[in-house]
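**Q** Structure for the following, please:
(2 chains)
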Amino acid sequence: MKALKLLLLPYVAAVVAAAFLWPAPAKGFIGESSRIVFFHVPCAWTSSLAFLVAAGASFAYLRSRNPWHDEIACAAVRTGLVFGILTLITGSLFAKIMWGSWWNWDPRESSYLLLVFLYAAYLFLRSAIADPERRARIAAVYALFAVVLMPFLVFVAPRITASLHPQTVINPQGKILMDTPTRAVFFGALAGFSGVFLWMLSLDARAARLARSRGVREG
Amino acid sequence: MVSSVLAVAAKDATQELRRRVATLAVLFFAATALALISYAIGPFGLPEDDRPPLQAALFWIILFFAAATGLPRAFVQEEETGTLLALRKTLPGSVVFAGKALFNFALFLAIAAVVVPGFLLLLDWKIASWGLLAASVLAGGYGLSVVSTFLSALTARASQKNVLFVLVAFPLVLPLLVTAIAATLEAARGGEAWMPLRVLIAYDGAASGAAYLLAETAWED
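**A** Residues are numbered from 1 along each chain as shown, chains lettered A, B, ... in the order given. Next comes the predicted model:
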């Protein structure tokens, strides 16, 4: 595991370098702006993965009532929010270059912002409940309820109204419309960001476990 | 089970008829919001082309915020009156949840009974398909009632529950509101609304299923 962590740094550095140097900029985009796909989409993927991990850990908590599962769920939401905010920032950079303003209330921008609010609300909910067992149970129930309604926010609501957002990887044709270098760097970035997420998740959850063992109240 | 669900809804309705706290607050809010919008823009204050989408959005904004004034009381009221434990000991959580969601849906229909005619009269709202309008109000209202009831159970024993409810509810009901606005717009225009209606029904089904399965755990103590 330690070797994997040591390999992660050069791997992510290589992916970042390749993102700027290897694939040619995509047609139909201003300047080099299409390269944002190597950062923006992996951030969005990683935050979605984090919220799914949170739902899985919440389910495990409700079955086992083991506080470690609750700590993993909470760490996953916190880490997912970091990647969610990075998704919004990188999306906003792209919007400024392509559409001329930092924020356009595009349905996809708005739905992702609400997804961040949805999971920020998870943290608010936790902070409003003092009893640790009740906090863990209510937070787990909320995380499971939220993950059932999340697809409506991410996949359905943005498709009800017209959007300027470029076609996503999950598109109506069901094809990945990328050349080989773009595809290699893109999937390399997905793997790298997922690795970084798992590392951050492990650190945050272990810090929470340590705090619990020392009797420090969550806050 | 059905009789227990109806008994919980009837208990809430009887309590509400005695005190009329939620009904009066909700209806007063709806009437004030209608009067404000009518005063600000009137029937002809909006350009002809922009009128249908803006009216559909304003209609659902009034419904949502009026509902948010009353629907979260479902479990908070039990907590305040100290009857939560008695109710918990008497019936399974899922039955109590279903009964309270039913009462909240009835309360939503009461709000809609005030807002729909008020909107039609004060804003000269033109509707091409009444059936579609009824379907979108029923499907949207049902989803809103289910989600609000469930979140009320989660936030009833938290501190700052009123603020927390809005924070937690808004991102969860937004897809429902966006879809309900799209269906209502098609009802006004007389267009094809099967797609938003299907989404509304799917959302209602997903929310009901998840809430029903999680109700027991949400309300364990």
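**Q** pLDDT-wise, which helix or strand of chain B ranks last?
**A** Ranked by mean pLDDT, DSSP states H and E, the helix or strand of chain B with the weakest confidence is helix B:73-81, at a mean of 73.
**Q** tell me which parts of chain A are close to chain B?
**A** Counting by Cβ under 8 Å from any Cβ of the partner chain, chain A comes close to chain B at A:62, A:111, A:114-115, A:117-118, A:121, A:124-125, A:128-130, A:134, A:137-138, A:140-142, A:144-146, A:148-149, A:152-153, A:156-157, A:160-161. Any C-beta I mention is one placed from the backbone N, CA and C, and that applies to glycine too.
**Q** picking up where we left off before, so which elements touch the least confident helix or strand of chain B?
**A** Judged by 3 or more Cβ pairs under 8 Å, 6 or more residues apart in numbering or on different chains; DSSP states H and E, the packing partners of helix B:73-81 are helix B:84-90, helix B:93-122, helix B:130-155.
**Q** Buried subset of the residues of chain A next to chain B, written for PyMOL?
**A** Paste this into PyMOL to select the buried members of those, with burial taken from 16 or more other Cβ atoms under 10 Å in any protein chain shown:
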select buried, chain A and resi 62+111+114+115+117+118+121+124+125+128+129+137+138+140+141+142+144+145+146+148+149+152+153+156+157+160
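**Q** picking up where we left off before, not counting its own residues, what contacts the least confident helix or strand of chain B?
**A** If you take Cβ atoms under 8 Å, 6 or more residues apart in numbering or on different chains as the criterion, helix B:73-81 is touched by B:12, B:15, B:21-22, B:84, B:87, B:100-101, B:103-104, B:148-149, B:152-153, B:155-157, B:161, B:219.
**Q** and what of stretch A:180-189?
**A** By Cβ under 8 Å, 6+ apart, stretch A:180-189 touches A:14-15, A:18-19, A:22-24, A:26, A:37-39, A:41-42, A:176, A:178.
**Q** buried sites along that stretch?
**A** Along stretch A:180-189, these residues count as buried under the neighbour rule (16+ other Cβ under 10 Å): A:T182, A:V185, A:F186, A:G188, A:A189.
**Q** Any chance of CSV for these, columns secondary structure and pLDDT?
**A** CSV is the format used below for those (DSSP: H, G, I helix; E, B strand; the rest coil; pLDDT from 0 to 100):
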residue, secondary structure, pLDDT
A:T182, helix, 82
A:V185, helix, 85
A:F186, helix, 87
A:G188, helix, 89
A:A189, helix, 89
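**Q** between those, which is nearest B:A188?
**A** Checking the buried residues of stretch A:180-189 against B:A188 by Cβ to Cβ gives A:F186 as the nearest, at 43.0 Å.
**Q** that older thread, check which residues of the least confident helix or strand of chain B are buried.
**A** B:R73, B:A74, B:F75, B:V76, B:Q77, B:E78, B:E79.
**Q** ok and it relative to helix B:130-155, angle-wise?
**A** Angle, helix B:73-81 to helix B:130-155, by axes from the mean of the first three to the mean of the last three Cα atoms, to 10 degrees: 30 degrees.
**Q** Could you export helix B:73-81 as CSV, CA atoms only?
**A** Provided in CSV are the C-alpha atoms of helix B:73-81 (Å, rounded to 0.1, in the frame of the first residue of the first chain):
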residue,chain,number,x,y,z
ARG,B,73,-44.3,20.5,11.1
ALA,B,74,-45.3,16.8,10.7
PHE,B,75,-42.8,15.4,13.2
VAL,B,76,-41.7,18.7,14.8
GLN,B,77,-45.3,19.0,16.3
GLU,B,78,-45.0,15.6,17.9
GLU,B,79,-41.6,16.6,19.4
GLU,B,80,-43.0,19.9,20.7
THR,B,81,-46.1,18.3,22.3
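**Q** Having no further points to raise, I will conclude here.
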